[in-house]
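Chemist: Quick check, what structure comes out for this input:
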Amino acid sequence: MDNILSVYEEKMTKSYNNLESEFTTIRAGRANPHILDKITVDYYGAPTPLQQVANISVPEPRLIQIQPWEASLVKEIEKAINMSDIGINPTNDGKLIRLVFPELTEERRKEIAKDVKKHGEDAKVAIRNIRRDAIDYLKKHSKDEGVSEDEIKDLEDKCQKMTDKFIAEVDKAVEAKTKEIMTV
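Modeler: Numbering: from 1, shown residues only. Sure, this is the predicted structure:
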């Protein structure tokens, strides 16, 4: 029955990793090339991740530079960025695309921090739902397999400790990202 918990631990890890990847796409005043991770470009009829058709660099703290490997892609990349929800207008000189990140206002920083907390709460809810599923599974299948109530109680305690560990990790991640956003 102990290996059952490892399945649920893996699900909790995936929830936490999902939160971390969400956080990389949230911009915090500094240029972070990961905000482009979800953008795809129409490359010969196939949607292709931006990183696979261009070189992305951060020459200055508030500037991302995108250099397509083919000059014909400049317009496609610009269109894809405009259609995305990153909220930055690209400038293009025919060969390069530049994304200039404006300074965030205090109000905007607070909005982003609220959004970060919301993502954190969603992750905690997901982790708690996984805990609930694990405990339901333990109760349901323990009767069929003749597992003692003490063993079930031990497994439930382990599940709770595992949940507490992941919730603490989420809290740490939210706190770190909020601090990063609020730092001017």
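
Chemist: Can you report phi and psi for the residue lying farthest from the centre of the chain?
Modeler: In the chain, the residue that sits farthest from the middle, by Cα atoms, centre = their mean, is Gly146; the gap is 41.0 Å. Per-residue torsions, Gly146: phi 70, psi 40 (degrees, to the nearest 10).

Chemist: all numbers from here: first residue = 3
Modeler: Sure, I'll start counting at 3 from here, so that last one is Gly148.

Chemist: For the longest helix anywhere in the chain, enumerate the helices and strands it packs against.
Modeler: Counting by DSSP state H, the longest helix found in the chain is helix 108-147. Contacts defined by 3 or more Cβ pairs under 8 Å, 6 or more residues apart in numbering; DSSP states H and E place helix 108-147 against helix 4-26, helix 151-184. The way it works is simple: take the backbone N, C-alpha and C, and place the C-beta from them, glycine included.

Chemist: wait, which of those is closest to Tyr45?
Modeler: Smallest distance to Tyr45 across those (Cβ to Cβ): 23.0 Å, for helix 4-26.

Chemist: For that closest one, which helices and strands make contact with it?
Modeler: helix 108-147, helix 151-184.

Chemist: in it, what's buried?
Modeler: Neighbour-count burial for helix 4-26, counted by 16 or more other Cβ atoms under 10 Å, picks out Leu7, Tyr10, Glu11, Lys13, Met14, Ser17, Tyr18, Leu21, Glu24, Phe25.

Chemist: Any chance of these in a markdown table with pLDDT as columns?
Modeler: A markdown table is the format used below for the buried residues of helix 4-26 (pLDDT from 0 to 100):
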| residue | pLDDT |
| --- | --- |
| Leu7 | 82 |
| Tyr10 | 89 |
| Glu11 | 90 |
| Lys13 | 91 |
| Met14 | 92 |
| Ser17 | 92 |
| Tyr18 | 91 |
| Leu21 | 89 |
| Glu24 | 83 |
| Phe25 | 82 |
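
Chemist: so which pair among those residues is furthest apart in space?
Modeler: The largest separation in the buried residues of helix 4-26, counting by Cβ to Cβ, is between Leu7 and Phe25 at 26.8 Å.
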